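**Student:** Dropping the sequence and predicted coords here.
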Amino acid sequence: MRQPPVRFIALLVLFALLLGACGTTPAAQPTAAPAPEATGAPPVEPTDAPAEPTAEATQPTEPPAATEAPAEEEFVFGMILVGPTNDGGWNQAHFEAAEYAQARLPGSRFIYIDKVNPADRPNVQVEQAIEELINQGAKFVITNSAEFADGTKLAAEAHPEVYFLHASGDAVLTGSAPSNLTNLMGRMEYGKMMAGCAAALQSDAGKLAYLGPLIDPETRRLVNSTYLGAKYCWENYREQPADSLDFKVTWIGFWFNIPGVTLDPTRVATDFINEGNDVIISGIDTTEALVEANKASAAGRTVWAVPYDYEDACAQGEDVCLGVPYFNWGPRYTEILTEAQAGRFESQWEWIGPDWSDINNPDTSMIGFIKGAGLTPENGAFLDDFISKLADGSLDLFTGPLNFQDGTVFVAEGAVADDLAIWNTPQLLEGIEGQSAP
Amino acid sequence: MQIQDAGGQLTSRATYQLADLADYLARLVLPFLGALVLTTVVLLTVDVAPLDAYRILLFGAFSTPIRFGDMVMLASPLILCAGGLTLTFAAGLYNLGIEGQVVLGAIAAMIPLRLFPDLPPPLLWMLSFAFGAAGGMLWALLAASLRLGAGVNEIFAGLGLNFLASGIALYLILGPWRREGSASSSGTALLPRELWLPTVGSLRLAPLAPIIALVALVVVWWVLSRMRWGLEVRAVGLNGAAADRLGVPAVKRMAQAMAGCGLLAGLAGTLQVLGVFHQLIPNISSGVGLIGLLVVLLVLARPIWVLPVAVVFATFTVGSVQLPLTLGIDSSIAGVLQGALVLAALVSRGLMQRRRRA
């Protein structure tokens, strides 16, 4: 009987482990946006953002005593991020918001652990990562993914002396949150309506494709909002019948690419383009939609993209970018952290919209939309008109009649959907092609 | 038992044992030094004080009860996998399908939890472990039958079955077992709290996990070194054809070794579900099967060494979580250290053999 060479096996195993490790790099390498930090070499990520040099000095040198409290005045707040801090999307928006808050909170220090997900850190659960932040002195912990709902709750129950903010969650709303946990989310529905409008304004073919993450109430309501914005602008500015607008969504299965687990967003985006869709709207954390549209455009096709989450996301394909709806977490984080530092923490479920007087005001508006270079000036003017209608309240797209995909009524004629109905959206709307997972 | 030293020199038993011990120590120390050198180079290139990094990697997991508990919860499935792999290594089989066996074990462990959620938890746990063990065993036997029946090398059969197992897990997570109203590859809904294996205080340490792992390891040691069955398995591993001719049912022994390994892998998968993740996730094995292969490569399939080496590997992994926070380096350095250890072990082993032959 043969003896397979041990070395060969070892190589195979190492190779397999390597593959596992490789699979974790963000699919689209974010090219250094004008953003402060993004240029850093990916493998070595300084963990204490701007306070780098001092951070090392203040580190507790004795691991066994890692719990020792930091200097008295210092207010340490930590963040658990589901993806890398330079993803050009969701996570970068959170990361830079924390830096924004640190710069405005005297005596504060920001620490974080990023890439907390089973693909990048297979043996680390969110509670464990939170524990490490608390060991480093964190008095306030922000977790930034819907996937962290359960872990954040567990950690909050185990650490009543620490405050927690779960971004995008609703444990406070459902009454399952301990009193040291608060929820914060932005009304991205408005941003997505603008995204859909921009897409419909610019599309020649009237074929829009939405690169969806996983399916849950949040992602459904965002797809619905995009569709409503697109449909409104298609009918009212383009003056086309609604049924000539194609709107499809393909879900990849997670917030970003995990090789072997999710659909590959790059593949999905190229499929969209090959099927003749001329605008790709991204709903995932990373920038594949824009990157692929940019490539196709360089190859002579007319394709546009609307990225998501992060204000500088257009940087990875300026010319094909129609604009980006983004989160600006910084101002509200700063307020909440200031309150907590002063001992006035309040557990609440917050869902904050744009500052309609200036949706791109970095110090006041939670949700913004930056027009991209790809959007023509006249379409830009239409979009401004659309935004002004949303702003003055004369237009509420969640007004009935609105039906779900299966024909059941979501909003009756003349009625307007309330916040809870939108927050818990159970299905996609009629007119959208794609899976609802009801 | 040692695959590499098959047909070694004839020496008296006493000197053999002494030489064996020295040999063994050298084998443990040399690779460790080699791995340290390699990892140190890596650390120096990224401008990190190696001593600080090593202190965290080696002792970080023991710095708080919480981290220690996490280490134990990682070491337990690792011990089960490595223990199982010593069986297949002894039989001369390379069970690279162990990852899939962990996954199938985890999937099977979910079945009673979903079917009979109202049974008393202790009964459900027993059912769950039984199902998990059976699931892992079936998956291993599938690889074994491909090897023994269809002549497909078990390495490739195993790798193929790994993909199939993750595919099934993913299908269940996104399909029939998805959370109500959503479809996310992040995992199924969390199990109800009363179904989580009981833990010590507020730690994540479930005492049942290390108990099962240690009992399993003792059993593996016992059958391999104290029972005729183990002798026969080792004979098959050294020379299957010869063993067959001497009356050892080689095919049966190989299949049994695979089944035993699959059973332990299935238990590891069950622990991941009941004690660690409390849900089914696509990466439910979290790589314990692959790390188990590294452990076994390092200890050359000797069950008694599995325990310390598995603990050390788990220590690296748990300790490494602190690295990005305290030193600003990525925690994957633990993987570098683990890989370097195995590589250095193989190299030093090869060198020693060459010297002995010379």
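**Tutor:** Everything's here; your move.
**Student:** OK, now which residue of chain B is nearest to chain A?
**Tutor:** Nearest residue of chain B to chain A (Cβ to the nearest Cβ) works out as residue B:240 at 3.0 Å. All C-beta atoms are positioned from the backbone trio N, CA, C, and that covers glycine.
**Student:** what sits up against stretch A:313-322?
**Tutor:** Contact partners of stretch A:313-322, identified using Cβ atoms under 8 Å, 6 or more residues apart in numbering or on different chains, comprise A:28, A:30-31, A:33-34, A:88-89, A:195, A:198-199, A:202, A:279, A:287, A:290-291, A:293-294, A:297, A:303-307, A:323-324, A:326, A:370-375.
**Student:** what's the distance between residue A:218 and chain B?
**Tutor:** Per Cβ to the nearest Cβ, to the nearest Å, residue A:218 is found 9 Å from chain B.
**Student:** Quick one: classify that residue as helix, strand or coil.
**Tutor:** The three-state assignment at residue A:218 reads helix, by DSSP: H, G, I helix; E, B strand; the rest coil.
**Student:** ok, now which ones touch it?
**Tutor:** Counting by Cβ under 8 Å, 6+ apart, residue A:218 touches A:146, A:168, A:185.
**Student:** Contacts only, for the second one.
**Tutor:** Residue A:168 is in contact with A:144-146, A:183-185, A:218, counting by Cβ under 8 Å, 6+ apart.
**Student:** Compare those residues and tell me which is most surrounded.
**Tutor:** Neighbour counts for those, by other Cβ atoms under 10 Å in any protein chain shown, peak at residue A:144, which reaches 30 neighbours.
**Student:** does it really touch residue A:80, like I thought?
**Tutor:** Yes - at 6.8 Å, residue A:144 counts as touching residue A:80 under the criterion of Cβ atoms under 8 Å.
**Student:** what's the spacing between residue A:259 and residue A:84?
**Tutor:** 15 Å (Cβ to Cβ, to the nearest Å).
**Student:** again, but for residue B:214
**Tutor:** Distance of residue B:214 to residue A:84, computed by Cβ to Cβ: 38 Å.
**Student:** pLDDT score for residue A:254?
**Tutor:** We have a pLDDT of 93 for residue A:254.
**Student:** With residue A:37 instead?
**Tutor:** 37.
**Student:** ok, now residue A:45?
**Tutor:** pLDDT recorded at residue A:45 is 38.
**Student:** And the one 10 residues further on, by the same measure?
**Tutor:** With respect to pLDDT, residue A:55 has a value of 37.
**Student:** Surely residue A:437 and residue B:181 touch.
**Tutor:** Yes - shown here, residue A:437 and residue B:181 form a contact pair, counting by Cβ under 8 Å, at 6.8 Å.
**Student:** wait, doesn't the residue of chain B closest to chain A sit right on residue B:92?
**Tutor:** Yes - taking Cβ under 8 Å as the definition, residue B:240 is a contact partner of residue B:92 at 6.6 Å.
**Student:** Looking at the two, which is more packed in?
**Tutor:** Between residue B:240 and residue B:92, residue B:92 has the larger neighbour count (other Cβ under 10 Å), namely 26 against 21.
**Student:** got the contact list for residue A:241?
**Tutor:** Counted by Cβ under 8 Å, 6+ apart, residue A:241 has contacts residue A:235.
**Student:** for it, phi and psi?
**Tutor:** phi -70, psi 150 (degrees, to the nearest 10).
**Student:** what about residue A:259 and residue A:84, which has more around it?
**Tutor:** residue A:84 (23 against 14).
**Student:** What score does that one have for pLDDT?
**Tutor:** So residue A:84 comes in at 91 (pLDDT).
**Student:** Determine the three-state secondary structure at it.
**Tutor:** coil.
**Student:** Can you pull out the low-pLDDT segments for chain A?
**Tutor:** The model of chain A has pLDDT under 70 over residues A:1-72, A:438.
**Student:** what ranges do the strands span in it?
**Tutor:** Assigned by DSSP state E, the strands in chain A fall at A:75-80, A:108-113, A:138-143, A:163-167, A:181-186, A:207-212, A:246-251, A:279-282, A:304-306, A:323-327, A:349-352, A:367-371, A:402-403, A:409-411.
**Student:** Out of those strands, flag the one nearest chain B.
**Tutor:** With Cβ to the nearest Cβ as the yardstick, what comes closest out of those is strand A:108-113 (6.0 Å).
**Student:** what about residue 141, how many residues close to it?
**Tutor:** No chain in the question, so chain A it is. For residue A:141, the neighbour count with other Cβ under 10 Å is 28.
**Student:** The intended chain is chain B.
**Tutor:** Residue B:141 has 18 nearby residues by other Cβ under 10 Å.
**Student:** Which pLDDT value belongs to residue B:270?
**Tutor:** Reported pLDDT for residue B:270: 98.
**Student:** same for the host helix or strand of it, what does it pack against?
**Tutor:** Using DSSP states H and E, residue B:270 falls within helix B:250-271. On a contact count with 3 or more Cβ pairs under 8 Å, 6 or more residues apart in numbering or on different chains; DSSP states H and E, helix B:250-271 meets helix B:65-90, helix B:98-115, helix B:121-150, helix B:208-226, helix B:228-238, helix B:240-245, helix B:288-299.
**Student:** who are the neighbours of the shortest one, in terms of helices and strands?
**Tutor:** Okay, so that is helix B:240-245. Contact here means 3+ Cβ pairs under 8 Å, 6+ apart; on that basis helix B:240-245 packs against helix B:228-238, helix B:250-271.
**Student:** rank the ones you listed by pLDDT, which is bottom?
**Tutor:** helix B:228-238 (a mean of 92).
**Student:** what about the longest helix along chain B, near chain A?
**Tutor:** Longest among the helix segments of chain B by residue count, using DSSP state H, is helix B:13-45. No - Helix B:13-45 does not reach chain A (Cβ under 8 Å from any Cβ of the partner chain); its nearest approach is 9.8 Å.
**Student:** Let me see the contact set for residue B:109.
**Tutor:** By Cβ under 8 Å, 6+ apart, the residues touching residue B:109 are B:128-129, B:131-132, B:135, B:266, B:269-270, B:273-274.
**Student:** Next up, the contacts around residue A:263.
**Tutor:** A:250-253.
**Student:** and with 7 Å instead?
**Tutor:** A:252-253 (Cβ atoms under 7 Å, 6 or more residues apart in numbering or on different chains).
**Student:** Ok, residue B:39 next?
**Tutor:** B:333, B:336-337, B:340.
**Student:** let's go with 6 Å and repeat that
**Tutor:** Applying Cβ atoms under 6 Å, 6 or more residues apart in numbering or on different chains to residue B:39 gives the contacts B:336-337, B:340.
**Student:** do residue B:306 as well
**Tutor:** Residue B:306 neighbours (Cβ under 6 Å, 6+ apart): B:82-83, B:299.
**Student:** how about it, phi and psi?
**Tutor:** Torsion angles, degrees, to the nearest 10, at residue B:306: phi -60, psi -40.
**Student:** The spatially closest residue to it that is not a sequence neighbour: neighbouring residues, count only.
**Tutor:** Nearest residue to residue B:306 in three dimensions, chain neighbours excluded: residue B:82, at 4.6 Å (Cβ to Cβ, 6 or more residues apart in numbering or on different chains). A total of 36 residues lie near residue B:82 under the criterion other Cβ under 10 Å.
**Student:** Just to check, residue B:82 is in contact with residue B:296?
**Tutor:** Yes - look at residue B:82 against residue B:296 with Cβ atoms under 6 Å: they come within range, at 5.2 Å.
**Student:** ok, back up a step: any idea which of the helices and strands packed on helix B:250-271 scores lowest on pLDDT?
**Tutor:** helix B:240-245 (a mean of 87).
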